[in-house]
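# fold the following.
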Amino acid sequence: MSIPGPYLTTEDIKMCFSIFCCVCGVGSLGLAGNYASAGYAWASAAFLFMAVANTYATWCLSKVLLVAPRSVFTFGDVGEWCMGVPGRYITLFSQGLLCTLLPIVFLVLGSSLLVVLFPGSFEQPTWIVLMALSLLPACLIPTLKEGAGMAAAGCIGTIFADSIALYLLIHNMHEQNPSSITPPTPDLSFKGVTTVFGNLALAYGACIIIPSLQHEHTQPERMPRLIIVAQTVISVFFFLVSILGVFSTGCQTPSNLLFAVADTKLGFTANRGYVVLAFLFMQLHVTIAFSVIFFPVFQILERVILGLHAAHVSESDHQLMATPVLDGSQGADCESGKQHHEVADAYAAPGAYLKACILRTAMVVVCVVVAVAWKDHLNALMDFVGASTSSLINMILPIIFYLKTFWPTVSPGEKAFAILCVLVSCFLAVYVSIQTGKELFTPAKSNSEILFPYCGADYQRVLFTNTSYYQRQP
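Model (predicted):
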């Protein structure tokens with residue numbers, strides 16, 4: 001069905017920008033490391049699969065929302081509308097887990113940045129505690145309606161941090177390697193290739209905000225098109241970060257772009273001022289994202305434990321599921337304003353806000369304890385979060401919801417593609433979660449002499465530009 005009007009309206013562009021701001025975050029720091037561990041061919045194949053599958057999954061969620069009642073407002077509502085009460089529990093559990101693990105990632109990453117920014121001051125556990133204390137007041141605000149300004153600031157912080165780090169890496173490696181010695185290629189392994197799935201799954205992740213954006217759009221039928229445009233722009237940005245970050249260092253590219261330019265492992269000492277700027281921009285993103293990401297899990301727990309927030313999907317909405325209307329007119333007939341109460345009203349009851357504050361503080365404390373325990377495993381933590389929860393929320397469940405809603409009308413070819421995406425994603429999610437989980441829960445002792453673990457034995461200990469060393473090798 002053709003959509004009248006221009007290909008993209010001003011409102012569409014604003015929505016695209018919102019999606020870009022949501023996706024552009026800490027996941028971009030590990031994109032170059034994916035190519036360092038999997039090589040150009042396999043990493044590009046994995047990148048292409050994730051870009052296509054994630055874009056398709058986001059498109060699927062938008063299609064489901066077009067035929068759902070207007071009372072289906074959140075990601076959990078979509079799960080219940082498509083699959084009943086079990087669907088709501090699955091989506092709420094996975095969303096709650098994701099929104100709990102991500103703040104732990106932010107605490108570990110942010111404290112690591114502060115250790116570098118202020119050398120010789122506090123150890124990382126102290127910085128984790130100080131970060132949590134400074135962010136706690138924002139977490140205790142009853143509701144957090146992040147505006148475009150906050151989202152844009154976090155996104156711009158990430159872009160600036162990535163750009164400065166890429167400049168420092170390329171500029172200094174060019175001076176370090178004037179004769180243009182070809183960087184070494186990785187020692188490929190099944191684990192090294194498949195674990196890039198975790199980082200890519202963490203990098204891509206817009207499905208949680210799609211329901212809100214689609215309800216705000218005055219022409220929601222335009223959302224599937226603008227989702228494809230936004231995801232394409234995001235993929236181009238991610239691809240540029242990946243290639244620019246790896247082409248000058250090969251398999252010796254560190255797994256985190258910021259820390260690649262902060263130490264001397266690559267044979268250069270970057271300008272301290274630029275390093276500080278890059279770290280501060282990423283710290284800006286972490287500070288903004290921490291409380292914003294945490295709020296959904298706060299409200300989920302307040303509903304389950306304190307009974308403060310009611311579910312939104314009514315019994316009549318379940319009956320509507322049997323006969324979806326493809327033009328979305330079904331949703332326009334529902335008076336969503338009568339079915340949604342102001343979230344802040346839930347805290348007006350005597351003692352409700354105090355109980356919520358205690359619960360939220362307890363959650364922050366739990367995150368601090370876990371962050372301190374996993375402070376030395378940032379990369380494994382990021383991959384674990386991406387594989388275990390982000391892939392479920394942003395890829396697997398949206399496609400399942402789509403197939404459940406439109407199965408009779410979906411073509412055989414699309415069914416085969418959708419099922420393939422779900423099966424591959426499920427396999428990689430389980431495998432990568434197990435592999436990265438081993439490092440988190442049963443970490444093995446690492447060899448401090450191995451500086452570049454993605455490379456073969458010949459290039460694991462010495463930088464490839466050290467010609468005097470490699471000329472002596474037999």
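# okay, Asp317: pLDDT?
Note on Asp317: pLDDT of 45.
# next one: Gln473
Reading off the confidence values, Gln473 has pLDDT 62.
# what ranges in the stretch 351-474 of the chain fall below the confidence cut-off?
The model of the stretch 351-474 of the chain has pLDDT under 70 over residues 472-474.
# give me that answer again for 80
By pLDDT under 80, the low-scoring segments of the stretch 351-474 of the chain are 444-448, 471-474.
# which residues touch Pro184?
250-252, 455-456, 458-459, 464 (Cβ atoms under 8 Å, 6 or more residues apart in numbering). C-beta coordinates here come from the backbone N, C-alpha and C atoms, glycine included.
# ok, 7 Å please
250-252, 455, 459, 464 (Cβ atoms under 7 Å, 6 or more residues apart in numbering).
# ok but it is inside a strand, no?
No - secondary structure assignment (DSSP: H, G, I helix; E, B strand; the rest coil) places Pro184 in coil, not in a strand.
# helix or strand: which one has the residue nearest to the spatial centre of the chain?
The C-alpha lying nearest the average C-alpha coordinate of the chain belongs to Leu202 (Cα atoms, centre = their mean; 3.5 Å). Using DSSP states H and E, Leu202 sits in helix 196-203.
# same for that helix, what does it pack against?
helix 31-67, helix 378-385, helix 412-441 (3 or more Cβ pairs under 7 Å, 6 or more residues apart in numbering; DSSP states H and E).
# surely Leu114 is in contact with Trp127?
Yes - the pair Leu114 / Trp127 is scored as a contact, 4.4 Å apart, by Cβ atoms under 7 Å.
# helix 196-203 and the longest helix seen in the chain, what's the angle between them?
Criterion DSSP state H: the longest helix present in the chain is helix 75-117. With axes from the mean of the first three to the mean of the last three Cα atoms, to 10 degrees as the basis, helix 75-117 and helix 196-203 are set at 100 degrees to each other.
# same for helix 75-117, what does it pack against?
Looks like helix 75-117 contacts helix 31-67, helix 124-139, helix 272-301, helix 352-373, helix 378-385, helix 397-406 (3+ Cβ pairs under 7 Å, 6+ apart).
# will you turn the helices and strands packed on helix 196-203 into CSV that also has distance to Thr182?
What follows is the helices and strands packed on helix 196-203, written out as CSV (distance: least, Cβ to Cβ, whole Å):
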stretch, distance to Thr182
helix 31-67, 13
helix 378-385, 26
helix 412-441, 30
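# ok, Thr194 to Ser433 distance?
With distances taken as Cβ to Cβ, to the nearest Å, Thr194 is found 11 Å from Ser433.
# neighbour count: the two, which is higher?
Neighbour count, other Cβ atoms under 10 Å: between Thr194 and Ser433, Ser433 has more, with 22 against 19.
# spit out the contact partners of Ile209.
Counting by Cβ under 7 Å, 6+ apart, Ile209 makes contact with Cys22.
# for the helices and strands packed on helix 75-117, which one sits closest to Ile90?
Closest of the helices and strands packed on helix 75-117 to Ile90 is helix 397-406, at 7.2 Å (criterion: Cβ to Cβ).
# next one: that closest one to chain centre, how far?
Chain-centre distance of helix 397-406: 21 Å, with Cα atoms, centre = their mean, to the nearest Å.
# thinking again about what came up before, deepest-packed of the helices and strands packed on helix 75-117, please.
helix 378-385 (a mean of 24; mean count of other Cβ atoms under 10 Å).
# and for the next helix or strand after that helix, what's in contact with it?
Sequence order places helix 391 as the next helix or strand after helix 378-385, per DSSP H and E. Applying Cβ under 7 Å, 6+ apart, the external contacts of helix 391 come out as 201, 425, 429.
# quick one, the helix holding Leu202 and helix 378-385 angle?
Between the axes of helix 196-203 and helix 378-385, defined by the same axes, to 10 degrees, the angle is 80 degrees.
# can you list the buried residues in helix 196-203?
Judged by neighbour count using 16 or more other Cβ atoms under 10 Å, the buried positions of helix 196-203 are 196-203.
# picking up where we left off before, what mean pLDDT does the longest helix of the chain get?
90.
# burial measure for the closest residue in space to Ser94 that isn't next to it in sequence, as a count.
For Ser94, ignoring the flanking residues on the chain, the nearest one in space by Cβ to Cβ, 6 or more residues apart in numbering is Leu392 at 4.8 Å. Close neighbours of Leu392, defined as other Cβ under 10 Å, add up to 24.
# about what we covered before: need the CA coordinates for the helix holding Leu202. PDB is fine.
Extracted as PDB, the C-alpha positions of helix 196-203 are listed here (Å, rounded to 0.1, in the frame of the first residue of the first chain):
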ATOM      1  CA  VAL A 196      30.900 -10.700  17.700                       C
ATOM      2  CA  PHE A 197      27.200 -11.400  17.900                       C
ATOM      3  CA  GLY A 198      27.100 -10.200  21.500                       C
ATOM      4  CA  ASN A 199      28.600  -6.800  20.700                       C
ATOM      5  CA  LEU A 200      26.500  -6.300  17.600                       C
ATOM      6  CA  ALA A 201      23.300  -7.300  19.500                       C
ATOM      7  CA  LEU A 202      24.200  -4.700  22.100                       C
ATOM      8  CA  ALA A 203      25.000  -2.000  19.500                       C
END
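# contacts made by it with the rest, please.
Outside helix 196-203, the residues that reach it (Cβ under 7 Å, 6+ apart) are 27-28, 30-31, 34, 37-38, 43, 46-47, 50, 238, 382-387, 390-391, 428, 432, 436.
# now the next helix or strand after that helix: buried residues?
Per DSSP H and E, the first helix or strand lying C-terminal to helix 196-203 is helix 210-216. Using 16+ other Cβ under 10 Å as the test for burial, helix 210-216 gives 210-211, 213-215.
# return the distance of helix 210-216 from the chain's centre.
Taking the mean of its C-alpha atoms, helix 210-216 sits 19 Å from the chain's own mean (Cα atoms, centre = their mean).
# moving C-terminal of that helix, what's the next helix or strand?
That would be, after helix 210-216 and using DSSP H and E, helix 223-246.
# for that next one, packing partners?
Using 3+ Cβ pairs under 7 Å, 6+ apart: helix 223-246 touches helix 10-23, helix 31-67, helix 148-176.
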